[in-house]
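Novice: heads up, no residue letters with this:
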């Protein structure tokens, strides 16, 4: 084979793979990122191992594929960015309820998004009892709630701020006792205002070497022989005192005065407020989440892919023409019957509602069907109504390049699933009915005539109808079901060779023998039993993953 002409194509594909994987890696596969001061946390260690000890935490319970949660992304991101300056005592986290490993933990939450504040625990590295925040307000409102909770939580533990008042009997000699990391302490008279004192405490958190205490009784200064003037504050520096008078009698004025003093001692802020964002590219983030999921071994089929395929068949293919009749309508009825009997969707979802409406009106033998031998677009629109399918993104069938994979990939998955479910529920329909429905869809709905001709050519050499065994001990239905599963598998691999010759292929998802040796080593044996067992394990109803569903 001459690879000379292929090298530019291979190089381009490799470059796309490297660039895309780098972008996905940088995004991290989450709606939120460490760069925004937000850290992922998982159900397996949520209760017993907090991310950082001796810190309070704000935890967002969210779902990466629900519209309400996506609307919250910018608000939570900006909350965490603005309060990055308080990272000495506060950490922002999120737990993604879209991930299967977090579902049990998320069941404790009635809905998402939910924000909860977990107070610091100095004695044990475990989370405190949570307080739910009202997430309906703006970022300023959320900050006010967090401040109120921090004030109740932190009481001067190791490296923690003091919100409590300095007692009159507290000696000045004990201010630094057991706290070697603090080199300076700012003493604030409560007379400047409780709110101002609180804002100064929080405003100086970025400078780790300073602590702040509130002095409610001015007599404390006289008792401890500390010179004190009106509107002044005192800096205690382990052996000497410095009086400071701010340029402005405001919280920021006091913060600026103390900061200037500390900068002169070569102590500077370590944590800074990050500027707010005006936009978050949610589709790109969702894509990174999906591609991170796809790095896992191929052991699951995603319900979202099947739902997207069903949505296309029922709500788009039925509306392409003014009406359906004859064999084309019959193919649709057969597909609807299969979807009704072996529905992979949620029992309470809109997709199931639409499937049931189609079945009752078109295919149910027990119903007096009101639709005649010719069904128009308006009649299909009434069956669909205002209902929409829940799945918005492909998962296993996602693509790194627009307009590739997607539906055709999901169509294969759907019919693989149907062949397996028919085999697991013998007696409901004939096992070969799935293959005839697949054959009919390719002929009447797929809009790829060359693909149907290739399928028809293959079917002539390898008939859908299996050869009957003369062995009386062989169960006919089981044999036919086995044949259907393996026939579709063979066709799929046949097209994996054919398709790259006809159209562009996603370089991240090259057409290879299915399943790969990595995913199924036993499938490489001459015997078909390994392949059959693999397909029946992967495509069964109980193995469908909810990841990607809102």
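Specialist: Good, I have the coordinates. For clarity, every value in this text was computed on a predicted model and none was experimentally measured.
Novice: in this protein, mark out all the strands, start to finish.
Specialist: Along the chain, the segments classed as strands by DSSP state E run 38-40, 56-62, 90-96, 114-118, 131-132, 184-189, 210-215, 233-236, 241-244, 301-302, 323-325, 374-376, 544-545.
Novice: and these: which comes nearest residue 145?
Specialist: strand 114-118 (7.7 Å; C-beta to C-beta). Bear in mind the C-beta positions are built from the backbone N, C-alpha and C, glycine included.
Novice: let's have the strands of the chain in JSON lines, adding distance to residue 504, mean neighbour count and mean pLDDT.
Specialist: Formatted as JSON lines, the entries for those read as follows, by distance: least, C-beta to C-beta, whole Å; neighbours: other C-beta atoms under 10 Å; pLDDT from 0 to 100:
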{"stretch": "strand 38-40", "distance to residue 504": "35", "mean neighbour count": "19", "mean pLDDT": "93"}
{"stretch": "strand 56-62", "distance to residue 504": "36", "mean neighbour count": "24", "mean pLDDT": "94"}
{"stretch": "strand 90-96", "distance to residue 504": "33", "mean neighbour count": "24", "mean pLDDT": "93"}
{"stretch": "strand 114-118", "distance to residue 504": "43", "mean neighbour count": "21", "mean pLDDT": "94"}
{"stretch": "strand 131-132", "distance to residue 504": "50", "mean neighbour count": "14", "mean pLDDT": "94"}
{"stretch": "strand 184-189", "distance to residue 504": "65", "mean neighbour count": "22", "mean pLDDT": "89"}
{"stretch": "strand 210-215", "distance to residue 504": "61", "mean neighbour count": "23", "mean pLDDT": "88"}
{"stretch": "strand 233-236", "distance to residue 504": "69", "mean neighbour count": "21", "mean pLDDT": "85"}
{"stretch": "strand 241-244", "distance to residue 504": "69", "mean neighbour count": "15", "mean pLDDT": "86"}
{"stretch": "strand 301-302", "distance to residue 504": "24", "mean neighbour count": "24", "mean pLDDT": "94"}
{"stretch": "strand 323-325", "distance to residue 504": "31", "mean neighbour count": "18", "mean pLDDT": "92"}
{"stretch": "strand 374-376", "distance to residue 504": "35", "mean neighbour count": "16", "mean pLDDT": "89"}
{"stretch": "strand 544-545", "distance to residue 504": "28", "mean neighbour count": "18", "mean pLDDT": "94"}
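Novice: dump these into JSON lines; add distance to residue 457 as well.
Specialist: Formatted as JSON lines, the entries for the strands of the chain read as follows, by distance: least, C-beta to C-beta, whole Å:
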{"stretch": "strand 38-40", "distance to residue 457": "50"}
{"stretch": "strand 56-62", "distance to residue 457": "50"}
{"stretch": "strand 90-96", "distance to residue 457": "46"}
{"stretch": "strand 114-118", "distance to residue 457": "56"}
{"stretch": "strand 131-132", "distance to residue 457": "63"}
{"stretch": "strand 184-189", "distance to residue 457": "84"}
{"stretch": "strand 210-215", "distance to residue 457": "80"}
{"stretch": "strand 233-236", "distance to residue 457": "88"}
{"stretch": "strand 241-244", "distance to residue 457": "89"}
{"stretch": "strand 301-302", "distance to residue 457": "29"}
{"stretch": "strand 323-325", "distance to residue 457": "26"}
{"stretch": "strand 374-376", "distance to residue 457": "31"}
{"stretch": "strand 544-545", "distance to residue 457": "33"}
